[in-house]
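model the following, please.
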Amino acid sequence: MSKDQSGEQKERKLSTEAYKGVRDFFPADMAIEKKIFNIWRKVSEKYGYEEYGASVLEPADLYRAKSGEELINEQTYTFTDRGDREVTLRPEMTPTLARMVAAKKRELIFPLRWYSIPNLFRYEQPQRGRVREHWQLNVDLFGVQSINAEIEVINMAYDITKAYGLKDSDFEIRINNRKVMNYITKEIFSLDDENARKVSKLIDKKEKIKPEVFKAGISDIFRDDKKTAEFLTLLNSQNFEEFATHLPTSSSEHEGVKEIRSVIEGLEKLGITNARFDQTLMRGFDYYTGIVFEVYDLNPQNRRSVFGGGRYDELLALFGNEKVPAVGFGAGDVVAQDLMETYDNLPLIGSPDYLPPADIAICVFGEENAPFALDIAQSLREKGTRVAVDLSNKKIGDQIKNADRRHIPKVIVIGEEEVKTGKLKIKDLKSGEESPLTDVK
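Below is the predicted model:
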């Protein structure tokens, strides 16, 4: 409350704006969201994955242990509840999934194929493709040690991207392996854990910073011009074969290199030929232990990584359980919408794939005829027809116009005559044709 010049209390009006970085979903927006969710569910269930869910609240320590202090301190909504417990609105789903699997490990049947579409929260600077609250598909496969797990989930990611409306030439799947990068930084260049982590984080930012800044950062870590040059030569390799030739001869059969080759060859056997090795791909999370991948849009309007994932075999061990091999990925709804918009595949109102709110609108002439209209509507609904009854008591012409504006294809007008005779007609608003409505009761 505030006071005006007369001293009287004046009520302050609340803003109609949403909280910064979050979205309101009006019906047209929900039509897009539903299409995205339907793509996710259809592809996931086509591969035999089961849907699960969990609360948006988790103990802050869960993310502190899995993703580090930086995530908690800078990117999350973390607060102390009334019981003096530190809790966080979940910024990602993988730690929650790992907790759930660890809790029921003895009861679950492996291999475990699960997916979810959680609401996630991150305190970030809002920009194209990134907001503070979004929905995300999470797909995870537990219990498969071989690279066939990577091939399966990357195949799913490929199918989802195609369902967004992209062709193979529109995107590529970039693949790397944390084992290779650990081998290079620790064994070949003898970096300690701290400096190896610094290098990984710097590589992860490579595309977002100037080349000279990146080179200076690498030089500062290695403090040796020869090693810096050798490392940059590796990092600037044009393809997988060139990269492999720069490694010491003894590393030619290194496990990580073999896995990358096997995944790309396995995908090619499935007809997926737009996968390639990318030695600069790191993925930000520390829990990845092997293959990592990202789907990258090649369209000039949207050249960027759009979603990805990788292998994380050690996450369950943090709960005191033995290691369980796991591979997964995440795909966000904001980026999905940007992609579908770029490739003209959004379900816009009035387009063929837009589902109107009802199949039939019943327009009522006179409020006294509403009970009969409601009874007819209920009979039609019991037969599987979606019906909206206009109870506004507006003029019939206005009611029909409103139905048309909502893209409801057919109308039934009910007035005194229809109530008296029970004879109803259904009108197709597009063609203007009328036909008797039979078998209502």
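
leaving out sequence neighbours, find the closest residue to the residue nearest in space to the middle of the chain.
Compute the mean C-alpha point of the chain, and by Cα atoms, centre = their mean the closest residue is residue 332, 2.1 Å away. Among residues not flanking residue 332 along the chain, residue 136 sits closest, at 4.8 Å (Cβ to Cβ, 6 or more residues apart in numbering). (Glycine included, C-beta is placed from N, CA and C.)

doesn't the one you found belong to a strand?
Yes. Note on residue 136: a strand contains this position according to DSSP: H, G, I helix; E, B strand; the rest coil.

quick one: contacts for it?
93, 117, 118, 120, 330, 331, 332, 333 (Cβ atoms under 8 Å, 6 or more residues apart in numbering).

can you say which of those residues are buried?
The neighbour-count test (16 or more other Cβ atoms under 10 Å) marks 93, 117, 118, 120, 330, 331, 332, 333 as buried among those.

distance of the second one from residue 220?
Shown here: residue 117 relative to residue 220, a distance of 42 Å by Cβ to Cβ, to the nearest Å.

what are the ranges of the strands in the stretch 151-300 of the chain?
Under the criterion DSSP state E, counting those that start in this stretch, strands of the stretch 151-300 of the chain are mapped to 171-177, 275-277, 291-297.

for the first one, which strands pair with it and how are they oriented?
The sheet places strand 171-177 alongside strand 275-277 (parallel), strand 291-297 (antiparallel), with pairing taken from DSSP bridges.

would you pull up how far the first one lies from the middle of the chain?
Its chain's average C-alpha position is 22 Å from that of strand 275-277, according to Cα atoms, centre = their mean, to the nearest Å.

in helices, which of the buried ones among the contacts of residue 136 fall?
Under the assignment DSSP state H, the buried ones among the contacts of residue 136 contribute residue 333 to helices.

out of the buried ones among the contacts of residue 136, which are inside strands?
Under the assignment DSSP state E, the buried ones among the contacts of residue 136 contribute 120, 330, 331, 332 to strands.

can you list those residues in JSON lines and add pLDDT and distance to residue 46?
Converted to JSON lines, those look like this (pLDDT from 0 to 100; distance: Cβ to Cβ, whole Å):
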{"residue": "120", "pLDDT": "95", "distance to residue 46": "24"}
{"residue": "330", "pLDDT": "95", "distance to residue 46": "18"}
{"residue": "331", "pLDDT": "95", "distance to residue 46": "15"}
{"residue": "332", "pLDDT": "94", "distance to residue 46": "20"}
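
circling back to that earlier point, would a markdown table of the strands paired with strand 171-177 with mean neighbour count be doable?
A markdown table is the format used below for these (neighbours: other Cβ atoms under 10 Å):
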| stretch | mean neighbour count |
| --- | --- |
| strand 275-277 | 19 |
| strand 291-297 | 24 |
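
format those as CSV; extra columns: distance to residue 131 and mean pLDDT.
Compiled in CSV, these are given as follows (distance: least, Cβ to Cβ, whole Å; pLDDT from 0 to 100):
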stretch, distance to residue 131, mean pLDDT
strand 275-277, 29, 93
strand 291-297, 18, 95
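
right, and the ones you listed - which one's nearest residue 410?
strand 291-297 (40.2 Å; Cβ to Cβ).

which SS class is residue 400?
helix.

and residue 368, by the same measure?
Here residue 368 takes the helix state, with states given by three-state DSSP.

quick one on the thing from earlier: so which of the strands of the stretch 151-300 of the chain comes closest to residue 184?
Closest among the strands of the stretch 151-300 of the chain, using Cβ to Cβ: strand 171-177, at 10.4 Å.

any weak-confidence spans in this protein?
1-10, 66-71, 126, 128-129, 249-253, 284-286, 349-353, 441 (pLDDT under 70).

quickly list the domain ranges of it.
Per the record, the chain has its domains at 27-54+93-342, 360-437, by automatic domain parsing.

still on that earlier bit, from the buried ones among the contacts of residue 136, pick the one nearest residue 99.
residue 93 (10.5 Å).

show me the contacts for that closest one.
Residue 93 neighbours (Cβ under 8 Å, 6+ apart): 54, 116, 118, 120, 136, 138, 330.

so what sits opposite the second one in the bridge?
Note on residue 116: beta-bridge partners by DSSP bridges are residue 138.

test my guess that it contacts residue 56.
No. Checked against Cβ atoms under 8 Å, the pair residue 116 and residue 56 is beyond contact range at 11.9 Å.

who's more crowded, those two?
Per other Cβ atoms under 10 Å, whichever of residue 116 and residue 56 has more neighbours is residue 116, with 22 against 15.
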